[in-house]
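A.B. asks: Sequence plus the predicted model coming up.
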Amino acid sequence: MCYLLQEEEKKKKKKKKRRRREEEKKKKKRRRRKEEEEKKKKRRRRRRKEEEEKKKKKRRRRKQSFKSPSLFRKCVQNLSFHPGAASCDRAPTKPEPEQALGHISRPRT
């Protein structure tokens, strides 16, 4: 009888150990999931911030459109398509930059 009791106790101990291991594995999985979710959240936040910064830079560029020479050239080229360009004597077909700026800044008469 004593031998059988010892065997049963051994089995119980093994079961306990198994349960502990399984529980530890589950805990580790939970931790990993949480960490991964936190990483994802951080990435999303970073991306959002970067996108907002890009938008801000674009807005700044739009405000400084006449300060940059390439955009200034585009505006000068588009002057010939201005609705008042045909009737206005200040807007030749290929205006010089100074004339073009004067044409934009002065009100039409």
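C.D. replies: Yes, it's here.
A.B. asks: Show me which helix runs longest in this protein.
C.D. replies: helix 2-63 (DSSP state H).
A.B. asks: Measure how buried residue 5 is and give me the count.
C.D. replies: Number of residues near residue 5 (other Cβ atoms under 10 Å) recorded here: 9. Placement of C-beta: from N, CA and C, glycine included.
A.B. asks: The one 3 residues further on too?
C.D. replies: Using other Cβ under 10 Å, the number of residues around residue 8 comes to 10.
A.B. asks: any idea how far it is from residue 20?
C.D. replies: 19 Å (Cβ to Cβ, to the nearest Å).
A.B. asks: average pLDDT for stretch 20-36?
C.D. replies: What stretch 20-36 shows for mean pLDDT is 98.
A.B. asks: Can you list the buried residues in that stretch?
C.D. replies: Within stretch 20-36, no residue is scored as buried using 16 or more other Cβ atoms under 10 Å.
A.B. asks: Let's see it as PDB, backbone CA atoms only.
C.D. replies: Output of stretch 20-36 as PDB, limited to C-alpha atoms (Å, rounded to 0.1, in the frame of the first residue of the first chain):
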ATOM      1  CA  ARG A  20       3.000  25.500 -13.400                       C
ATOM      2  CA  ARG A  21       4.900  25.200 -16.600                       C
ATOM      3  CA  GLU A  22       1.800  25.700 -18.700                       C
ATOM      4  CA  GLU A  23       0.700  28.700 -16.600                       C
ATOM      5  CA  GLU A  24       4.200  30.200 -17.000                       C
ATOM      6  CA  LYS A  25       4.000  29.700 -20.700                       C
ATOM      7  CA  LYS A  26       0.700  31.400 -20.800                       C
ATOM      8  CA  LYS A  27       2.000  34.300 -18.800                       C
ATOM      9  CA  LYS A  28       5.000  34.700 -21.100                       C
ATOM     10  CA  LYS A  29       2.600  34.700 -24.100                       C
ATOM     11  CA  ARG A  30       0.500  37.300 -22.500                       C
ATOM     12  CA  ARG A  31       3.500  39.500 -21.800                       C
ATOM     13  CA  ARG A  32       4.700  39.100 -25.300                       C
ATOM     14  CA  ARG A  33       1.400  40.100 -26.700                       C
ATOM     15  CA  LYS A  34       1.200  43.100 -24.500                       C
ATOM     16  CA  GLU A  35       4.700  44.200 -25.500                       C
ATOM     17  CA  GLU A  36       3.900  43.700 -29.200                       C
END
